[in-house]
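In: sequence first, predicted model second:
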Amino acid sequence: MCGRFIVAEPDPNQFSFRFGFSYNDFENFDWKPNYNVAPSHEVLVVTEDGERHAELMRWGLVPFWAKDIKVGFKMINARTETVQTSGAFKHALKRRRCLIVADGFYKWKKEGSTKTPMRIGMKDWELFAFAGLWESWTNKETGADLHSCTIITCPPNELVSPIHDRMPVILPKEAEASWLAPTDDIEALQSLLVPYNADAMASYAVSDLVNSVKNNSPELLEAV
């Protein structure tokens, strides 16, 4: 699974330039870097309906049919192997795909009884996109709508496999438009859900401060 990630880039201009949405979208929310993104946090999501948009969504998908928002804590990830058939995700796969913006993620490498947190990302530590799904859920008591999302995971590549048995699906830049574009070709979408090229990625050990979601500062990215 992917349970923690990073969006350390402080400049909204970089997001809009990289992912092709209007900088004005940032006027709708208060953007702050997050060095320890955890389930239920708001994350930066890119969608497309003829043009690209950015918004903050809650991490942990709440299906439109859910009775309670708490189900989202069980829906932070969707597996490539079952995303087409899962009752929680198959509707979103057909109609509500998104890019979830990041510049790194954490995995814990187990060696005996020790678990070492590892920061993983691109070799240049630039922004990239997880393959994501999103849904809109309406609170029947208040009438308020909630937009939430999930990260799709796949088997690991050669870099991640010594660390963990799953990794998030990272879309190559050239595949992002195909993931967002309207289509009924589910098999073509499924073909995008593969491990990212390990040669383009890097990892290193970081402080166990990242173990607590209360810790959220640039210090978490320092190599140990």
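Out: That came through, no problem.
In: show me where this protein has strands.
Out: Taking DSSP state E to define them, one finds strands in the chain at 5-7, 34-37, 42-48, 52-59, 77-79, 97-102, 104-111, 114-122, 128-138, 145-154, 167-168, 170-171, 201-205.
In: and of those strands, who's closest to D68?
Out: For the strands of the chain, proximity to D68 was assessed by CB to CB; strand 128-138 is nearest, at 9.8 Å. For every residue, glycine as well, the C-beta is placed using N, CA and C.
In: can you point out the buried residues in the closest one?
Out: Of the residues in strand 128-138, those buried by neighbour count under the rule 16 or more other CB atoms under 10 Å are 128-135, 137.
In: how about stretch 198-215?
Out: Of the residues in stretch 198-215, 201, 203, 206-207, 209-210 count as buried by neighbour count, 16+ other CB under 10 Å.
In: now swap in stretch 20-34 and tell me
Out: Applying a neighbour-count criterion of 16+ other CB under 10 Å, one finds 21, 25-26, 31, 34 buried in stretch 20-34.
In: kindly report the same for stretch 42-56.
Out: Neighbour counts using 16+ other CB under 10 Å place 42-48, 52, 54-56 of stretch 42-56 among the buried residues.
In: contacts for stretch 147-154, please.
Out: Outside stretch 147-154, the residues that touch it by CB atoms under 8 Å, 6 or more residues apart in numbering are 1-2, 5, 43, 45, 55, 57-62, 72, 75-80, 83, 89, 92, 98, 100, 130-137, 166-169, 193-195.
In: show me which pair in the buried residues of stretch 20-34 is furthest apart.
Out: F21 and N34 (18.7 Å).
In: ok, so of the buried residues of stretch 42-56, who is nearest K173?
Out: V46 (12.4 Å).
In: gap between the closest one and W134?
Out: With the distance defined as CB to CB, to the nearest Å, V46 ends up 10 Å from W134.
In: kindly report the same for G121.
Out: Taken as CB to CB, the span from G121 to W134 is 23 Å.
In: mind putting the strands of the chain into TSV with mean pLDDT?
Out: Below are those laid out as TSV (pLDDT from 0 to 100):
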stretch	mean pLDDT
strand 5-7	98
strand 34-37	98
strand 42-48	97
strand 52-59	96
strand 77-79	98
strand 97-102	98
strand 104-111	96
strand 114-122	97
strand 128-138	97
strand 145-154	97
strand 167-168	98
strand 170-171	98
strand 201-205	98
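In: columns distance to F15 on top of these, output as CSV?
Out: What follows is these, written out as CSV (distance: least, CB to CB, whole Å):
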stretch, distance to F15
strand 5-7, 9
strand 34-37, 13
strand 42-48, 7
strand 52-59, 7
strand 77-79, 23
strand 97-102, 6
strand 104-111, 15
strand 114-122, 15
strand 128-138, 11
strand 145-154, 16
strand 167-168, 18
strand 170-171, 16
strand 201-205, 21
